[in-house]
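Q: Prediction below, plus the sequence it came from.
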Amino acid sequence: GAGVSQSPSNKVTEKGKDVELRCDPISGHTALYWYRQSLGQGLEFLIYFQGNSAPDKSGLPSDRFSAERTGGSVSTLTIQRTQQEDSAVYLCASGQGGETQYFGPGTRLLVL
Amino acid sequence: EDQVTQSPEALRLQEGESSSLNCSYTVSGLRGLFWYRQDPGKGPEFLFTLYSAGEEKEKERLKATLTKKESFLHITAPKPEDSATYLCAVPAGGTSYGKLTFGQGTILTVHP
């Protein structure tokens, strides 16, 4: 079946611009997660949505980062006023609400 | 604070040369340990979940084991296509069921 999809696959932007990254989870999965992967930093948790519960935003690095999940399905991660240190691979994962998370291919963000 | 440490950082093997990767963890109340494989330019691919000390799981040339303090990923007679970064992760303690804490990964290279 279809896995987690993310778009765009690559994004180049200028410092100070806003970007939106999209995630389409596996159909029927109630949980959706965003992570960031940087060289030398490993995978860092950003935010977690589970059903209709309030999201766990404890990993968002600053108030420039926000995420929404519409209709319990598609999610958008928004980074405002991008900085060069935001350059990374942004990974989305989905799951049934248990522990196993299935990852998408990621969006590679480069801030010039 | 939850911690996951993987060793070695990088491992080079000849085809057919068996070895093991280590994942040490510190977490309050382990609720599972996950192994993922990540190929360059792709998202992590789920391999195994282990829930309790003594548990073992196998998939092709890979076998994962778990103790109270660490997990091992044993690779038997590896092939070049097993070359990848192997990541382990644990769910956060407390009530944050969604957040996974990842190790830095082991980069495995298998030479023909």
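A: The structure has been received and is ready for your questions.

Q: so where's the chain uncertain?
A: This is for chain A. Low-confidence segments of chain A, defined by pLDDT under 70: A:1, A:97-98.

Q: my bad, chain B
A: B:93-97.

Q: At the contact with chain A, which residues of it appear?
A: B:31-32, B:34, B:36, B:41-46, B:49, B:87, B:89, B:91-92, B:96-105 (C-beta under 8 Å from any C-beta of the partner chain). In this view, the C-beta of every residue, glycine as well, is placed from N, C-alpha and C.

Q: Quick one: buried ones out of those?
A: By neighbour count, with 16 or more other C-beta atoms under 10 Å in any protein chain shown, the residues of chain B next to chain A hold B:32, B:34, B:36, B:43-44, B:49, B:87, B:89, B:91-92, B:96-105 as buried.

Q: quick one, strands of chain A?
A: A:5-7, A:10-13, A:19-24, A:31-38, A:42-50, A:65-69, A:75-79, A:88-95, A:102-103, A:107-111 (DSSP state E).

Q: Which strands or helices does the second one pack on?
A: This points to strand A:10-13. Identification of packing neighbours for strand A:10-13 by 3 or more C-beta pairs under 8 Å, 6 or more residues apart in numbering or on different chains; DSSP states H and E yields strand A:19-24, strand A:107-111.

Q: so which of the ones you listed comes closest to residue A:9?
A: Among the helices and strands packed on strand A:10-13, the nearest to residue A:9 by C-beta to C-beta is strand A:107-111 (6.3 Å).

Q: Give the buried residues for that closest one.
A: Buried positions in strand A:107-111, judged by neighbour count with 16+ other C-beta under 10 Å: A:107, A:108, A:109, A:111.

Q: Between strand A:31-38 and that strand, find me the angle.
A: Between strand A:107-111 and strand A:31-38, the angle comes out at 40 degrees (axes from the mean of the first three to the mean of the last three C-alpha atoms, to 10 degrees).

Q: Okay, angle between strand A:107-111 and strand A:88-95 too, please.
A: Here strand A:107-111 runs at 150 degrees with respect to strand A:88-95, directions being taken by the same axes, to 10 degrees.

Q: CA atoms of strand A:107-111 as PDB?
A: Taking C-alpha atoms only, strand A:107-111 is exported to PDB below (Å, rounded to 0.1, in the frame of the first residue of the first chain):
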ATOM      1  CA  THR A 107      12.000  17.200   2.600                       C
ATOM      2  CA  ARG A 108      15.500  18.500   2.200                       C
ATOM      3  CA  LEU A 109      15.400  22.200   3.100                       C
ATOM      4  CA  LEU A 110      18.300  24.500   2.200                       C
ATOM      5  CA  VAL A 111      18.200  28.100   3.500                       C
END
